[in-house]
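Trainee: Take a look and give me a structure for this.
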Amino acid sequence: MEELVQVFLEESREILQQLEEDLLDMERNPGDSEIIKRIFRAAHTIKGSAGLSGLDAISGLAHHLEDVLDQVRTLGEPMSKDCFDTVFRSIDMLNRMVDMTAGNEEIPPDMAGDLVEQLSFFIIGKETEETAMVAACLEETILTGPDLLQVLSDIAPTRSVFRLTLNFKPDYMESGHDPLRFIEELRDKGELLEINVNFSRLPEWDEIDPYRLYLSWTMLLETKYDRKEIDDIFVFVLDDNDIKITDVTNEIEPSQTAGKLTGELLIEEAKVAPRQVEAVLEKQKQAREQEQVNTIRVDTRRLENVLNLVAEMVISQSRVKELVSKQSQVDVEVFNSFQEVDKIIRRLQEEVMKTSMVPVGPTFTRFQRMVRDTAAEKGKEIELVISGQETEVDKRVIEQIADPLKHMIRNSIDHGIEKPEDREALGKPRNGKIWLRACHQEGSIVIEVRDDGRGLDPDKIYRKALSKGLVEENQKLSDHDMQRLIMMPGFSTADKISDISGRGVGLDVVATNIQALRGSIEVESTKGQGTRLIIRLPLTMAIIDGMMVTVGDEKYIIPLTSIVEFIKATPKDIKTVEGTGRVVNMRNEYIPLAALYRLLGIPAYEQELTDGLLVIIKDGRKKMALLVDDILGQEQVVTKSLKENFRQVDGVAGATILGDGRVAAILDVPTLIKMATR
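Mentor: Numbering: from 1, shown residues only. The predicted model follows:
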């Protein structure tokens, strides 16, 4: 039972998340029958899996939810807003129950009592439709005797007989499923006239595998429901198993099939020779045994261990590379073997890193519900438009970016998008939009949050900054100045404090979290047209390609994705600009210039700008020329947290262990650029 519960917990969260997303789609496209079918199947699965796992409270709530969705599916009537809200609250409750089960907490029997009553409200009158029809007839005319019997006969549903052949794949029970639950569901739909069991696949007793299924069933069901209702019972197993459902109401009497096996019925119905039946069954058996599982679930701790081992292997490989490079004479075969091992390690590292990459889609779609509820709370009409869901990023990165994204979107809802009537007065559509987009760009992931709201007001920001003494009288604010101000702790232009802060409140925390991921954030805004927030993050936090440089006796790593090029400056290339400082002229583009030894306060051999080398680094569209002593070459390094192992150092994103055993700092390019412009 514990194994069944664990399987249920693993699957239910994904199903509930997909159920919520499909409900949001159905709210926008109420007539889409495919969405309605998916929603019903999801609720049906939760109900059945919870019941099979002995989680009666979850199964009970899911059963009432299924009734509501079944009514929508069957009658084709759109759900009201109140019904949608109740269904969403039911999903929230199911998620809460799943979390309690995962935490070994006992679920109170009446925990979902109020929701069950609310769900029942939306199906009142539908379950007793036939009774209502009879009552309507009796109200209009008093009928007695044969006349009343005729009315009841006309209203009574037609009963059909179905022959079902249930031939499940041999490994069906390995994941905790029980084929007998289908028989129980069929009993709920009508009367099982006959049940015949096929033992032909049953091996000798000493060869029986208790985890494999050897039996198949043939049965006759008499029911008032139509074929579609019966198909829905097997909706999740039809594709992977041999399930046949045939309407035999007018073709076969129940007594004709009593005691006969599946093969015998095939021979009688299709006039197939016994040897042909045996051949077909044998081929089906072989095909099922050859089926392979395409995906497996892996404990994240095991995956972390593999990633750590690969990281340590990269460090050891760097050590071997260091030793080989120091040899004056290296045997050709030894060198070639080392090169081959080096290629294999790199390929292994790439494949292992891919195992920790996940698409951003599930994280993005999670915000749809938040936008729906928050917009309704604020009396606004807002649509969240998502693109780039397939973009993959390190699982650890996406876990840490979820909260900053949530805050940015809530700010767009509360302070960015105007009220519907205000938008109409401005000539805008009543329905505001927030765009959430992700893509890969130059070895990084770029996430964009954009809205078509009121945008940032430079005058308002200036007045607020002036009142706080952050700017001087008559000072003009550049885009960089505005970004710096709204990223400051406690800075807000909101006129009214609410539970959802105005744009700018908490953006300092957002920026800090993004910088901790070696990322950067930019703000673009046009008053009256909207605001655009752009986040750039590394694809992975574990292993990076970098360029090793030296300053004095120390070695430093600059992430390769942040490097534009290297130059050797001449005196005529270097200029001094008032208010900016020294810049270097690179093909008629003037780039701010800074020395790494000055930024970090470390000794250097080359302190003249024309003696050392200049590394042109970038953070988004910002560039800076960084003076270093020398460049040693490209290196693949394993990142270690400096904050956890030492303390946070401005301008340093982490550290790595080099092949010679020394520690080198990994530079934080966005922070270095900010330090240089202070």
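Trainee: In contact with residue 466: list those residues for me.
Mentor: Shown in contact with residue 466 (Cβ atoms under 8 Å, 6 or more residues apart in numbering): residue 473. Every residue, glycine included, has its C-beta placed from N, CA and C.
Trainee: I'd like the next helix or strand past the strand or helix carrying it.
Mentor: Under the criterion of DSSP states H and E, residue 466 resides in helix 458-467. Counting by DSSP H and E, the next helix or strand C-terminal to helix 458-467 is helix 479-486.
Trainee: That following helix relative to helix 458-467, how many degrees between them?
Mentor: Counting by axes from the mean of the first three to the mean of the last three Cα atoms, to 10 degrees, helix 479-486 lies at 60 degrees to helix 458-467.
Trainee: residues in contact with helix 479-486?
Mentor: Against helix 479-486 from outside (Cβ under 8 Å, 6+ apart): 456, 458, 461, 464-465, 470-471, 477, 491, 493, 503-504, 507, 522-525, 677.
Trainee: what's the answer for stretch 55-67, then?
Mentor: 5, 8, 40, 43-44, 46-48, 50-51, 87, 90-91, 93-94, 97-98, 101, 107-109, 111-112, 115-116, 119-120, 123.
Trainee: Please narrow the residues you listed to those residing in helices.
Mentor: Within the contacts of stretch 55-67, residues falling in helices by DSSP state H are 5, 8, 40, 43-44, 46-48, 50-51, 87, 90-91, 93-94, 97-98, 101, 115-116, 119-120.
Trainee: Give me the buried subset of these.
Mentor: Among the ones in helices among the contacts of stretch 55-67, those buried by neighbour count (16 or more other Cβ atoms under 10 Å) are 5, 8, 40, 43-44, 46-48, 50-51, 87, 90-91, 93-94, 97-98, 101, 115-116, 119.
Trainee: residue boundaries of the helices in the stretch 451-600 of the chain?
Mentor: Counting by DSSP state H, counting those that start in this stretch, the stretch 451-600 of the chain has helices at residues 458-467, 479-486, 507-516, 596-600.
Trainee: Dump the ones you listed to TSV, plus mean pLDDT and distance to residue 77.
Mentor: Listed next are the helices of the stretch 451-600 of the chain as TSV, based on pLDDT from 0 to 100; distance: least, Cβ to Cβ, whole Å:
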stretch	mean pLDDT	distance to residue 77
helix 458-467	83	48
helix 479-486	73	48
helix 507-516	78	43
helix 596-600	90	66
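Trainee: what would the ones you listed look like in CSV with distance to residue 238?
Mentor: Shown next, in CSV, are the helices of the stretch 451-600 of the chain (distance: least, Cβ to Cβ, whole Å):
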stretch, distance to residue 238
helix 458-467, 60
helix 479-486, 55
helix 507-516, 46
helix 596-600, 65
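Trainee: Of all these, which one is nearest residue 350?
Mentor: helix 507-516 (25.2 Å; Cβ to Cβ).
Trainee: buried stuff in that closest one?
Mentor: Under 16+ other Cβ under 10 Å, the buried positions of helix 507-516 are 507, 510, 511, 513, 514, 515.
Trainee: what's the closest of these to residue 24?
Mentor: Closest to residue 24, out of all of these and judged by Cβ to Cβ, is residue 510, at 25.2 Å.
Trainee: count of residues packed around the nearest residue to residue 9 once chain neighbours are set aside?
Mentor: Ranked by Cβ to Cβ, 6 or more residues apart in numbering and with sequence neighbours excluded, the top spatial neighbour of residue 9 is residue 102, at 5.3 Å. Residue 102: 15 surrounding residues under other Cβ atoms under 10 Å.
Trainee: okay, residue 102: pLDDT?
Mentor: pLDDT recorded at residue 102 is 87.
Trainee: can I assume it is in contact with residue 10?
Mentor: No: using Cβ atoms under 8 Å, residue 102 is not in contact with residue 10, being 9.7 Å away.
Trainee: Under a three-state scheme, what state does residue 649 occupy?
Mentor: Of the three states, residue 649 takes coil under DSSP: H, G, I helix; E, B strand; the rest coil.
Trainee: and residue 230, that one's in a helix?
Mentor: Yes: counting by three-state DSSP, residue 230 falls inside a helix.
Trainee: That one against residue 161, yeah?
Mentor: No: applying Cβ under 8 Å as the test, residue 230 and residue 161 come out as separate, 11.1 Å apart.
Trainee: anything in contact with each of these two?
Mentor: residue 221.
Trainee: Can you show me the strands along the stretch 251-400 of the chain?
Mentor: Under the criterion DSSP state E, counting those that start in this stretch, strands of the stretch 251-400 of the chain are mapped to 357-359, 382-387, 392-394.
Trainee: just the stretch 501-650 of the chain next, same as before
Mentor: Ranges of strands within the stretch 501-650 of the chain are 520-526, 530-538, 543-551, 554-559, 563-567, 574-577, 581-586, 589-595, 613-619, 622-628, 630-638, based on DSSP E, counting those that start in this stretch.
Trainee: Give me the angle between the first one and strand 530-538.
Mentor: Same thing as strand 520-526. Using the same axes, to 10 degrees: strand 520-526 against strand 530-538 is 160 degrees.
Trainee: pLDDT averaged over stretch 331-350 - what is it?
Mentor: 81.
Trainee: which parts of it are buried?
Mentor: Counting neighbours by 16+ other Cβ under 10 Å, stretch 331-350 gives 338, 345, 349 as buried.
Trainee: try stretch 565-574
Mentor: Under the neighbour-count rule (16+ other Cβ under 10 Å), stretch 565-574 has 567, 569, 573, 574 buried.
Trainee: and those as TSV, adding pLDDT?
Mentor: Below are the buried residues of stretch 565-574 laid out as TSV (pLDDT from 0 to 100):
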residue	pLDDT
567	90
569	87
573	88
574	89
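Trainee: Rebuild these as TSV, extending it with distance to residue 587.
Mentor: Formatted as TSV, these follow (distance: Cβ to Cβ, whole Å):
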residue	distance to residue 587
567	10
569	13
573	10
574	15
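Trainee: From those, pick the one nearest residue 661.
Mentor: Among the buried residues of stretch 565-574, and counting by Cβ to Cβ, the member closest to residue 661 is residue 567, at 32.4 Å.
Trainee: so what's that closest one bridging to?
Mentor: In this entry, residue 567 is beta-bridged to residue 614, by DSSP bridges.
Trainee: Look up phi and psi at the closest residue to residue 109 other than its chain neighbours.
Mentor: The shortest distance from residue 109 to any residue other than its chain neighbours is 6.6 Å, reached at residue 57 (Cβ to Cβ, 6+ apart). Main-chain torsions, residue 57, degrees, to the nearest 10: phi -60, psi -40.
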